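S.K.: Quick one, what's the 3D model for this:
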Amino acid sequence: MISVTEAFDLVQNALPHPVVTQQSLPASLQHVLGQDIFAPISLPPFDQATMDGFALALHDSLAYEIIGEIKAGDATLINIKPGQAVKIFTGASVPSSAQAVIQIEQVQVQQNELILSQTTVAGTNIRVAGAQIKQGDLALAQGTFLSAAAIGFLAGLGIAEISVFKKPSIGIVVNGNELLAPDEPLTPGKVYNSNAVMLESALRQAHFIQIKHYQTLDDLQATEQTLQKALGENDFVLISGGISVGDYDFVGKALAQLKVENLFYKVNQKPGKPLWFGRKNHQLVWALPGNPAASLTCFYLYVLPALQQVSGFSTSFKSEFYLPLAHDYEVNNMRDQFLKARIIGEQVHILPHQDSAMLDSFVQAHGLAYVAAGKYALQSGDKVALYTLPQG
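M.R.: Model prediction:
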């Protein structure tokens, strides 16, 4: 059995290098940008009216002669002289000979004459060319998470395809004769398969969507065949259950027969002690504990940071987030603990129901509070490391 720190280091050292690939702009949503992008044009590319009104060539009078109209999308071919104006609409190109746009609510129009209610100054209601970004400037840096806003920004620059860090494909393998789908009638000796849908949901919440499901019974040959198929179709394989040493736990044997290198088995932590991690070529394999809360704990501590790092995210396996406890807490455990905790008023509250089979406390948790092994007392106000959980 290895320590938590050793487990983190072994996973870190086993990660393949991130791979950059070309993708269309819409398909790049929720990926990490794999290159610096410099603006091919200025935004806006021309001086732009910020509202409906009249573009003015300023002079000393409040009266202007209206000589034309410019709609959004029109090429600016009109040259106006001091004392002249053109009707203009939001987003339209402002003539270079105009110095201001007066909004339509501040004028009176009498045939072709425009009367201002007050004087205006140069630059009013004009978004100048390059106000957002100038041609050649850095638009987005490598490592930027591509949100909807980032995609829209790049689209506005006329960019249709970009380099992003490739996300791995993920197989979820569940095994056990006792498992039922949630819509099946519950019969004696059976339990519902919560882990598969839980792990898929956790992956999707973290923006990993290339997921396949596999299910096998407690049989060595069937387990080996299923795992071989999963390894042939995915970069990461997550196995739920069957990794212990019982008479009907065949995952370890099947992985050995498939020549998956065992990098570690069992971590000195609670929950999640029976965690198995291995590698075959570029593929990474986790056999997660069968108990749901233990499985989800190991997913957040080990699997998710690994997925994020190979996808270009700057994620660490070690928490750098510390907050004070809101109450005293007695520690009496031979293993390091990761306790479901809630943040209230910038203080950590350890939740009840820490059992490895119980998910109800996970529902309320904002993070996992790390408590080192030993027999000692933590006092209210003592700071603990907190591994934050995705919210929303």
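S.K.: mean confidence score for stretch 62-80?
M.R.: Mean pLDDT, stretch 62-80: 94.
S.K.: And the contacts of it?
M.R.: Here stretch 62-80 makes contact (C-beta atoms under 8 Å, 6 or more residues apart in numbering) with 46, 54-57, 83-98, 109, 112-119. For every residue, glycine as well, the C-beta is placed using N, CA and C.
S.K.: Distance of S42 relative to S169?
M.R.: Going from S42 to S169 by C-beta to C-beta, to the nearest Å gives 39 Å.
S.K.: just T5 next, same as before
M.R.: For T5, the distance to S169 equals 29 Å [C-beta to C-beta].
S.K.: who's more crowded, the two?
M.R.: Using other C-beta atoms under 10 Å, the more surrounded residue of T5 and S169 is S169, with 16 against 13.
S.K.: Provide a list of residues in contact with that one.
M.R.: S169 neighbours (C-beta under 8 Å, 6+ apart): 210-212, 233-236.
S.K.: how close does it sit to A131?
M.R.: Using C-beta to C-beta, we find S169 at a distance of 42 Å from A131.
S.K.: try A85
M.R.: In terms of C-beta to C-beta, A85 sits 23 Å off from A131.
S.K.: More neighbours: which of those two?
M.R.: A85 (28 against 14).
S.K.: Helix or strand for that one, just tell me which one.
M.R.: Per DSSP states H and E: A85 is located in strand 84-88.
S.K.: What's the mean pLDDT across stretch 102-110?
M.R.: Rounded mean pLDDT across stretch 102-110 is 94.
S.K.: That stretch: how far from the chain's middle?
M.R.: 47 Å (C-alpha atoms, centre = their mean, to the nearest Å).
S.K.: Name the residues of it that are buried.
M.R.: 102, 107 (16 or more other C-beta atoms under 10 Å).
S.K.: okay, how far is it across it, tip to tip?
M.R.: Start-to-end span of stretch 102-110 (C-alpha to C-alpha, to the nearest Å) is 16 Å.
S.K.: Each with direction, which strands does whichever helix or strand comes after the strand holding A85 pair with?
M.R.: Toward the C-terminus, strand 84-88 is succeeded by strand 100-103 as the next helix or strand (DSSP H and E). Sheet pairing here is set by DSSP bridges, and for strand 100-103 it gives strand 53-56 (antiparallel).
S.K.: what mean pLDDT does the strand it pairs with have?
M.R.: For strand 53-56, mean pLDDT is 98.
S.K.: Buried ones in the helix or strand following it, by neighbour count?
M.R.: For strand 53-56, the following helix or strand on the C-terminal side (DSSP H and E) is strand 63-70. Buried residues in strand 63-70, counted by 16+ other C-beta under 10 Å: 64, 66, 70.
S.K.: Next one: the first one from A57, what distance?
M.R.: Distance check for Y64 against A57: by C-beta to C-beta, it reads 8 Å.
S.K.: intersection of neighbour lists for the two?
M.R.: 83-85.
S.K.: and these as JSON lines, adding pLDDT?
M.R.: What follows is the shared contacts of Y64 and A57, written out as JSON lines (pLDDT from 0 to 100):
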{"residue": "G83", "pLDDT": "97"}
{"residue": "Q84", "pLDDT": "98"}
{"residue": "A85", "pLDDT": "98"}
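S.K.: ok, now which ones touch Y265?
M.R.: So Y265 contacts 243, 252, 274-277 (C-beta under 8 Å, 6+ apart).
S.K.: And it, what's its pLDDT?
M.R.: pLDDT at Y265 comes out at 96.
S.K.: Could you check how far it is from R335?
M.R.: The spacing between Y265 and R335, counted by C-beta to C-beta, is 15 Å.
S.K.: okay, now the domains of the protein?
M.R.: Using automatic domain parsing, the domain ranges for the chain come out as 4-19+167-310, 20-42+134-165, 48-127, 322-388.
S.K.: tell me the most buried of those domains?
M.R.: Highest mean neighbour count of the domains of the chain: domain 4-19+167-310, a mean of 18 (counted as mean count of other C-beta atoms under 10 Å).
S.K.: Quick check: the residue nearest to L179 when sequence neighbours are not counted vs D360, distance?
M.R.: Distances taken as C-beta to C-beta, 6 or more residues apart in numbering put N193 closest to L179, at 4.2 Å, once the chain neighbours are dropped. Distance, N193 to D360, using C-beta to C-beta: 18 Å.
S.K.: Over to F236?
M.R.: For F236, the distance to D360 - C-beta to C-beta - is 28 Å.
S.K.: what's the answer for V310, then?
M.R.: V310 is 32 Å from D360, by C-beta to C-beta.
S.K.: Then T120?
M.R.: With C-beta to C-beta as the criterion, T120 and D360 are 63 Å apart.
S.K.: Point to the helix or strand of the protein where mean pLDDT is at its lowest.
M.R.: strand 179-180 (a mean of 70; mean pLDDT, DSSP states H and E).
S.K.: I figured I88 hits M51, correct?
M.R.: No. Using C-beta atoms under 8 Å, I88 is not in contact with M51; the gap is 9.0 Å.
S.K.: who touches both of the two?
M.R.: V101.
S.K.: All the helices of the stretch 251-392 of the chain, in order from the start?
M.R.: With DSSP state H, counting those that start in this stretch as the criterion, the stretch 251-392 of the chain has helices at 251-257, 292-298, 304-310, 360-364.
S.K.: Distance to P18 for these - can I get that in JSON lines?
M.R.: Shown next, in JSON lines, are those (distance: least, C-beta to C-beta, whole Å):
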{"stretch": "helix 251-257", "distance to P18": "25"}
{"stretch": "helix 292-298", "distance to P18": "23"}
{"stretch": "helix 304-310", "distance to P18": "5"}
{"stretch": "helix 360-364", "distance to P18": "29"}
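S.K.: Between the ones you listed, which one is closest to L140.
M.R.: Proximity to L140 (C-beta to C-beta) singles out helix 304-310 among the helices of the stretch 251-392 of the chain, at 18.7 Å.
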